[in-house]
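Visitor: give me a 3D structure for the following:
(4 chains)
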Amino acid sequence: MGAEEKEKTNPREDDGEIRIGVYVCHCGLNIAGSVDCGEVAKFAATLPHVVWAQDNRYTCSDQGQEQIKKDIKEHKLNRVVVASCSPRLHEPTFRKTCEDAGLNKYLFEMANIREHCSWVHLYDRQSATEKAKDLVKMAVAKAARLQSAKEIEVPIIRKALVIGGGVAGIQAALDLADTGYKVYLVEKEPSIGGMMARIDKTFPTMDCSICILAPKMSDVGHHPNIELLANSEVTDVKGYIGNFHVKILKRPRFVKNDCSACGECSKVCPVIAPNKFDAGLAIRHAIYTPFAQAVPSTYIIDMNLCLNKDGVTVCDKCMKACERQAIDFEMKPETVEIDVGTIIVAIGADVFDPSSLQNYGYGKYLNVITSLEFERLINAGGPSGGHLIRPSDLEIPRRVAFIQCVGSRSDKSGRLYCSNVCCMNTIKDSLLIKEHWPETEIHVFYVDIRAYGKGFEDLYKRARKEGVLFIRGLPAEIVEDRKTHNLWLVGENTLQKELYKVNVDMAILSVGLEPRKDSEPIQRLLTLSRTQDGFFMEAHPKLRPVDAATGGIFFAGCAESPKDIKDSVTQASAAAARAGILMAKGKVTVEAITPIFYPERCKVCGLCAKVCPYNAIVLNKELKRVELVKAACGGCGTCAAECPFDALTQDHFTDEQIISQIDAVTESDADKKIVAFCCNWCAYAGADFAGVSRMQYPPSVRIIRTMCSGRVAPKFVERAFARGAAAVLVAGCHPGDCHYINANYQTQKRVERLWKKMEQQGLDKERLQLLWASAAEGERFASKIREMNRLVEKVSPEEINNAKKVFEKALGGD
Amino acid sequence: MPERIRHAPLDMGKATFPKAKIQLIKDQCKGCGFCIRFCPQKVLEESQEINARGVHPPKIVDESKCLACGFCTAVCPDFAIFIIEKPSKEDVKNG
Amino acid sequence: MEASKALVPKEDIRKLLDGEKLEHCFECGICTASCSIADLLGKDYNPRNLLEKIFLNPDAVLASYEPWLCAWCYRCYKRCPQGLKLPEIFLYMRTAAVKNAFTQPLEIAFEKIVDNIPLSIVTTLVCFHPERAGLEIKKILDMIEHIRIEHLKKLKKKKTVKSSGEKIAVIGSGPAGLTVASELARKGHKITIFEAFSEPGGMLRKCIPEYRLPKWVLAKEIQFIEDLGVEIKTGVKVGEDVNFDDLRKGNYRAIFIGTGANKSQAFKIEGGDLEGVIHAIEFLWNANYKEKVKVGKDVVVIGGGNVAMDTAKTALRLNADKVTILYRRSKEEMPAIPWEVKEAENEGVKIEFLVAPKKILGKNGKVSAVECVRIQLGEPDESGRRKPTPIEGSEFTRETDMVILAIGEIPDLGFLPKEIELNEDNTVWVNPITMETSVEGIFAGGDAVTGPATIIEAIRAGKRAAESIENYVKSLAR
Amino acid sequence: MVQEIMHPLSKYLREAMIPHIWCTGCGNGIILNCFVHAVDELEMDLDKLVVVSGIGCIGRSAGYTNADSFHTTHGRALAFATGVKLANPELNVVVISGDGDLFAIGGNHFIHAARRNMGIKVICANNFNYGMTGGQQGPTTPLEASTTTTPYGNIEHPFNLVHLAAASGATYVARWTTLHVRRLTQSIKRMLQKEGFCFIEVVSPCPEIFGRRNKMRTGLEMMDWFKRASVVENFSDPSKAEITPEKLVVGEFVNIEKVSYEKFLHEKISQINERKVGW
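Guide: Next comes the predicted model:
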């Protein structure tokens, strides 16, 4: 499992004399407009180990790159520093340049003097130039301590696991299986098909839902590359991208695969219960198949209902009725263990339970139903044989109301999002009613009709043409007339600013979608993160919309956000393609920012294993040692920050490197500077965004980039104070949005501990600030710096000296 | 499928549960209690009366709960209890 | 707006509207449709629209009468999908208006109240609360009194309505009953109110503390109604002194049931009969009527409704040293309206959440302490509220010398004939639109139908019932 | 006393002998019940059914069954049954007897009948002791179990009957308890339709004689033990089918096809006869 230790090769680069080349970019006037680049270059030349420094107009141009390559050879440079824009933009470019010249790409460092300097200090050339010098100094200091590194390669098992057998899971499984990969499809319910199997028609084409889904379902059942595990659950996932070891609990069906689905058993079963598949509107027996087209078609016994649930076979009616002797009451749960390279999460969504909205009386009034119940009612295969009947008297309703946004877009219910499908679903439903019973009076109470997709607007128009009444304004309450069980809907027509009272026979609540209640175990097992809404969070909303932040895991369908069938299928195919790319390549490289471990210092306390969000560090209690699984490592570095014995540090962000940066900042005028530690993904990007937007803030801040705020060890902060920094900022992603799952929770804990310490020592804890800022919150970052600058101006020399004293210890190890 | 069920099945009224008449041959009972203990619907319980053999035979608590599984017939060592299934009208359609 | 300095700073508005929350408002109209005042005033008042105006141009709203028309029932808040606290937003606008000396809108608002809402002085005091915006109560009373006299003058000038001669019985003289009586009296019907208590007014008299509604105001209000020709028979209890069926057999064309909810919910607790344990309704009643009311030093109130808040505040006013409310759910689940809770807390009432009493302990027959248990909230139950379950082993005792039980009131409807259908919670079932019960010609409204609610909701129901009764009587005449 | 209502299975029983003499809570009645249930469900011709039993409580079942039946001397049920089957292979010969009869005194008959693959169906009621004679220790008494002759606990290892049967060559071997009435009935049905030597062990409660000495005073308590401890392990290795207070392995262990002794015999005879003609 464990990957071999990264080789530290190429002694020519690492050992011997350090020769640094510095290039200061003008970026046209972008930098040169506010920074005296020539002066910066001159300054750079004076720095230790710098053997070559120059400024040029565009370092990233071909010319600029050629220059670097030439200099590496000519001046025997073994470290390169470019002071230009954000490393988030051009670090890959220059790394490649170095590689082309035969220099290990990890021996390159950047100073961000554009986004973090010239653009945010447009009108203060002198300060900006001074700051640029500092930034270059920091970069040079770090560069002198850079080490070459080799990225490790991880082989990928060419098998995939798809969790969830709704339409998304089915599509993803079929696509991967057709590509030639072995696919395990795990479904919790007895049959695949998911939500799509339950609805009647699909919008906007009005195709019969099960008619188009059933062939796909049976393809899954017959595909030689697909192993279908229905009535099963993923219980454990270990491993990492390319090498997941998964345990699946296969719950017993109590019917063997010999079942021919003839249904004789069901006929004789004496137990009757509501069929969940029909939203409880129809009955089924203890031995049943959820619906006619179920895959696998094997019947199943609901052991919670069966008379034999106590373990004594008292009733053998089904057994006697079964010609094939397929019934087996002794079937036991089985655990299946598989190894896969990629995982697609397609667990779908739940529908909102409207019984919490008391004013709509769902569950109290018989004739208030949900849109899902409606689907079963209007479905020819449903409990009423496709006759829309109202539950109170089983009559066909003459007046029907649809109520939109039930459980969606509501702060109170915690579901602030639009559920995406309900508008069109209602329009489709209203047309279905009109098709069968054209005289029906249909009111749709809405706030915004969202008919955004292909063919949606036409459908909306058609509904209006058919005479469906669309009324803007939701009913405030539904009241039942006790005698007739008719319903009164009271609300405001917000276009006419008039109150309405509408009497209908039946009301249908267009319930929204919500994250599955059982998604928590999946989240935990796969170390995924979720958005505030509770849906799974993609790695990037625009550019990696189907990837999870954890490598090798992809999303399809409503697990990621509410979507209609078309979007689910699209995303499923995309997820299959993404997983396929990985598996086709057969291997993956891991960036060399993984932990470096010094076993001689380790006291096997296990703290690192506890904080690792990827379970990439394992505490082996038997052998009394800590084991690193580099391939599983995400590269946050929180383990290095946590280790009390300095037994761990992070490659490319070593303690030594970061401390050298801190020292560089605090070498002069420390009492006027803010040392800021920013995580690469949110805060640093937020500062970049402030620069791109030209938000001006005081030039007192010096940003040190870490991959995650979780990398910021308390000793860094202490050292900054010990060296006389006026203030320190630790900035990362918002809690819950961490790029490394939850590493930033450690940040919070560490900062809180430092605050406590400062308070106890009589220091002003305001001098250490914690900021959560996303990549889009440039203004948030800028205003924080403005706020902190006021603090810097106020802070007294005594205060700074006090801090120096308190944190004196942190200076050790110089 | 996770959502809570709020509505009673529409065809619940049409559902025909198997019905049975439970016959006790009381004096043949030796009072082992097997039928009482293992009835899945808890239809039987020990009575207070004393039969010809000096034991308490079972009595029927609620015959309407009986689903005619016939376990009492099958487990009785003394051939003292049996059920007669009442003919049900039509087999209930499933879902 | 840019030209002159904004009267209401944008920053403040932002803060007030709870950050981005207002942006969640997608104008579904639920607030307006829930609003009793919007129902009573029709086009004159539209909270949703008002909110929009505040958002677009807060300064213009200062000159509008609309913010003054909110009656603080919080129905909008309870139903709003976003949970916006409209009454508090409107209060902010009122305060700003007072600060900037906009008095005209207030007068217009009062005119509208007087024109459309029965019991206008009472409702102004107990519902509209102009004083919360920083106005003096006395000034308000004077102002509304003045407007009212003008209003009556106007009415008198109009042709007097011809007496219809139809007799209508109203049971209960609470806000709902009084509303029905005054509305129908103005239509020329002959109204008789039957009141079991010795004085009319119902909950208004019994339970609303003096500091909120001076008795003379109520007396005056009732006098107005009597002046309209309404006969109020006090001390007559339907079911005991008069048979309900006799009323029907009498010449009454229609009957309105407005008996309210004044029976304390049965609450079995060990030690409930100790000296010093009292039901909230009884306590408030005593406080309103008896010269001297015994109040403990350290009072515990059990419950989380408006009555609990009133009780706690009254106890404080009666010189209790310390008043603590124990409520078994969390603040979000409290049925009391948020402002009342806030007010109670401001006045020094301590509220402990997620605590339920287990038993009341006594010494020498007197209350000495309450044994409580801490509660955790489980999964939402059938009613959608999270189910409180006691945490085992978390019992603790709290010393006290008085326990007031404010655990809810239910209607006492034993006198009604069986044909009149009741709901599961023992309230009268009515057709929500006509307020007619399951028996033709018999109507109901107020707390007897809704369970404990606010006065304005009772008035709204009364007004709705009055309209239906009028239609009903007319249809009979035809 | 004449009953007005007739039990539907009473036609398979000798009316005059019912009610039977077995104690309250005894499993023998259940075994008999399951047997006649199976006969009923198979609609067997009672004229072609022979029930043979040896000595012991369960031995009375031959007398109770309304078929041609044979109550034999101690331990010799299989020997007699062999005779019946050889004389008329058309007959379905069922031996219902106890563990003491079949495996102590009749042990040799059993292993050889199984080895020869006689077409006899054996139902053995295993009550762990000699119930009829006062509860002495027998060949199936579990280790440490208390009986009248082992008051300090049994120190002999018991037979594992299913293992013995399987090892001796039976074509069908199963074990059930009297709680598994449905399975037992099904098993008996299956057995009755097979050709060779078949064996079903039925673990049966004997509360009065065995149970009360082993902390199970009633039939119900013994049934509770069956319920708690029994594990169905169909077609598992019969040598591992243990019976302990904690675990009671039941199930079908063997179901194979093999030509029966009587078939071979009669074939041989006809072959010989044919050859004689040829001489």
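Visitor: who touches the residue in chain B that chain D sits nearest to in this structure?
Guide: Closest approach between chain B and chain D, counting by Cβ to the nearest Cβ: residue B:77, at 2.4 Å. (Glycine included, C-beta is placed from N, CA and C.) By Cβ atoms under 8 Å, 6 or more residues apart in numbering or on different chains, the residues touching residue B:77 are B:30, B:32, B:34, D:22, D:25-30, D:32-33.
Visitor: could I get these as a markdown table with distance to chain C and pLDDT?
Guide: Shown next, in a markdown table, are the contacts of residue B:77 (distance: Cβ to the nearest Cβ, whole Å; pLDDT from 0 to 100):
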| residue | distance to chain C | pLDDT |
| --- | --- | --- |
| B:30 | 46 | 92 |
| B:32 | 41 | 91 |
| B:34 | 39 | 93 |
| D:22 | 50 | 93 |
| D:25 | 42 | 92 |
| D:26 | 47 | 93 |
| D:27 | 45 | 93 |
| D:28 | 50 | 94 |
| D:29 | 48 | 94 |
| D:30 | 45 | 95 |
| D:32 | 52 | 95 |
| D:33 | 47 | 94 |
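Visitor: tell me the phi and psi of the residue of chain B closest to chain D?
Guide: phi -70, psi -10 (degrees, to the nearest 10).
Visitor: likewise for residue A:610?
Guide: Here is the backbone geometry of residue A:610 (degrees, to the nearest 10): phi -70, psi -40.
Visitor: do the same with residue C:281
Guide: Dihedral pair for residue C:281: phi -60, psi -40, per degrees, to the nearest 10.
Visitor: residue D:176: which element?
Guide: strand D:172-177 (DSSP states H and E).
Visitor: after that strand, heading C-terminal, what element do we hit next?
Guide: Using DSSP H and E, the first helix or strand after strand D:172-177 is helix D:181-192.
Visitor: by contact count, what packs against that following helix?
Guide: On a contact count with 3 or more Cβ pairs under 8 Å, 6 or more residues apart in numbering or on different chains; DSSP states H and E, helix D:181-192 meets helix B:71-75, helix D:28-41, strand D:120-126, strand D:172-177, strand D:198-203, strand D:248-255.
Visitor: can you do 10 Å?
Guide: The contact analysis (3 or more Cβ pairs under 10 Å, 6 or more residues apart in numbering or on different chains; DSSP states H and E) places helix D:181-192 against helix A:317-321, helix B:71-75, helix D:28-41, strand D:92-98, strand D:120-126, strand D:172-177, strand D:198-203, strand D:248-255.
Visitor: distance between it and the chain's centre?
Guide: Put simply, helix D:181-192 sits 12 Å off its chain's centre (Cα atoms, centre = their mean, to the nearest Å).
Visitor: average model confidence for that helix?
Guide: Here helix D:181-192 scores 94 as its mean pLDDT.
Visitor: quick one: that helix to strand D:248-255, angle?
Guide: 20 degrees (axes from the mean of the first three to the mean of the last three Cα atoms, to 10 degrees).
Visitor: related to what we said a few turns ago, okay if I get the helices and strands packed on helix D:181-192 as CSV plus mean neighbour count?
Guide: CSV is the format used below for the helices and strands packed on helix D:181-192 (neighbours: other Cβ atoms under 10 Å in any protein chain shown):
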stretch, mean neighbour count
helix A:317-321, 20
helix B:71-75, 24
helix D:28-41, 25
strand D:92-98, 28
strand D:120-126, 28
strand D:172-177, 28
strand D:198-203, 29
strand D:248-255, 22
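Visitor: can I get these in a markdown table with distance to residue A:176?
Guide: Below are the helices and strands packed on helix D:181-192 laid out as a markdown table (distance: least, Cβ to Cβ, whole Å):
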| stretch | distance to residue A:176 |
| --- | --- |
| helix A:317-321 | 37 |
| helix B:71-75 | 49 |
| helix D:28-41 | 50 |
| strand D:92-98 | 58 |
| strand D:120-126 | 54 |
| strand D:172-177 | 46 |
| strand D:198-203 | 50 |
| strand D:248-255 | 40 |
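Visitor: what's around the closest residue to chain C within the stretch 51-200 of chain D, how many residues?
Guide: Closest contact between the stretch 51-200 of chain D and chain C, by Cβ to the nearest Cβ, is at residue D:179 (38.0 Å). Burial of residue D:179 is recorded as 28 neighbouring residues (other Cβ atoms under 10 Å in any protein chain shown).
Visitor: just the pLDDT for residue 48.
Guide: Picked chain A for this. So residue A:48 comes in at 93 (pLDDT).
Visitor: if you could check chain B rather than the one you did, that'd help
Guide: pLDDT, read off for residue B:48, is 91.
Visitor: report pLDDT for the closest residue to it other than its chain neighbours.
Guide: Nearest non-adjacent residue to residue B:48, counting by Cβ to Cβ, 6 or more residues apart in numbering or on different chains: residue B:56, 6.6 Å away. pLDDT for residue B:56: 92.
Visitor: what about residue B:56, how many residues nearby?
Guide: Close neighbours of residue B:56, defined as other Cβ under 10 Å, add up to 17.
Visitor: now do the phi/psi pair for the residue most central in space within chain A.
Guide: Centroid-nearest residue in chain A, with Cα atoms, centre = their mean: residue A:537, separated by 2.3 Å. Per-residue torsions, residue A:537: phi -100, psi 130 (degrees, to the nearest 10).
Visitor: wait, what's in contact with it?
Guide: A:523, A:528-531, A:548-549, A:555, A:560-561, A:736-737, A:741 (Cβ atoms under 10 Å, 6 or more residues apart in numbering or on different chains).
Visitor: can you pick out the most distant pair from those residues?
Guide: Greatest spacing in those, by Cβ to Cβ: A:561 and A:741 (19.2 Å).
Visitor: what is the burial count for residue 433?
Guide: Picked chain A for this. 22.
Visitor: not quite, go with chain C.
Guide: Neighbours of residue C:433 (other Cβ under 10 Å): 14.
Visitor: does it count as helix, strand or coil?
Guide: Under DSSP: H, G, I helix; E, B strand; the rest coil, the three-state class of residue C:433 is coil.
Visitor: ok, it - contacts?
Guide: A:479, A:481, A:488, A:490, A:501, A:503, C:464, C:468.
Visitor: quick check: the residue nearest to residue B:48 is in a helix.
Guide: No. Counting by three-state DSSP, residue B:56 is not part of a helix but coil.
Visitor: you'd agree it is up against residue B:47?
Guide: Yes. Between residue B:56 and residue B:47 there is a contact under Cβ atoms under 10 Å: 5.5 Å.
Visitor: now the helices for the stretch 301-450 of chain A?
Guide: Remark: helices assigned in the stretch 301-450 of chain A by DSSP state H, counting those that start in this stretch are A:317-321, A:371-378, A:422-436.
Visitor: distance from the last one to the middle of the chain?
Guide: In this case it means helix A:422-436. That offset, for helix A:422-436, works out to 34 Å (Cα atoms, centre = their mean).
Visitor: what do you get for the second one?
Guide: Computed by Cα atoms, centre = their mean, the chain-centroid distance of helix A:371-378 equals 32 Å.
Visitor: that helix vs helix A:422-436, what angle?
Guide: Orientation check (the same axes, to 10 degrees): helix A:371-378 against helix A:422-436 gives 20 degrees.
Visitor: which ones are touching the residue nearest to residue D:179 when sequence neighbours are not counted?
Guide: Of all residues not flanking residue D:179 in the chain, residue D:226 sits nearest, at 4.3 Å (Cβ to Cβ, 6+ apart). Counting by Cβ under 10 Å, 6+ apart, residue D:226 touches A:312, D:27, D:176-180, D:203-205, D:248, D:250.
Visitor: determine which two of those are furthest apart.
Guide: Every pair of the contacts of residue D:226 checked by Cβ to Cβ; the farthest is A:312 and D:204, at 16.0 Å.
Visitor: those two: which is more packed in?
Guide: Neighbours per residue (other Cβ under 10 Å) separate residue A:312 from residue D:204, with residue D:204 holding more: 29 against 22.
Visitor: tell me which of the helices of the stretch 301-450 of chain A lies nearest to chain D.
Guide: helix A:317-321 (7.2 Å).
Visitor: now do the closest one: distance to the chain's middle.
Guide: Worked out by Cα atoms, centre = their mean, helix A:317-321 lies 49 Å from the chain centre.
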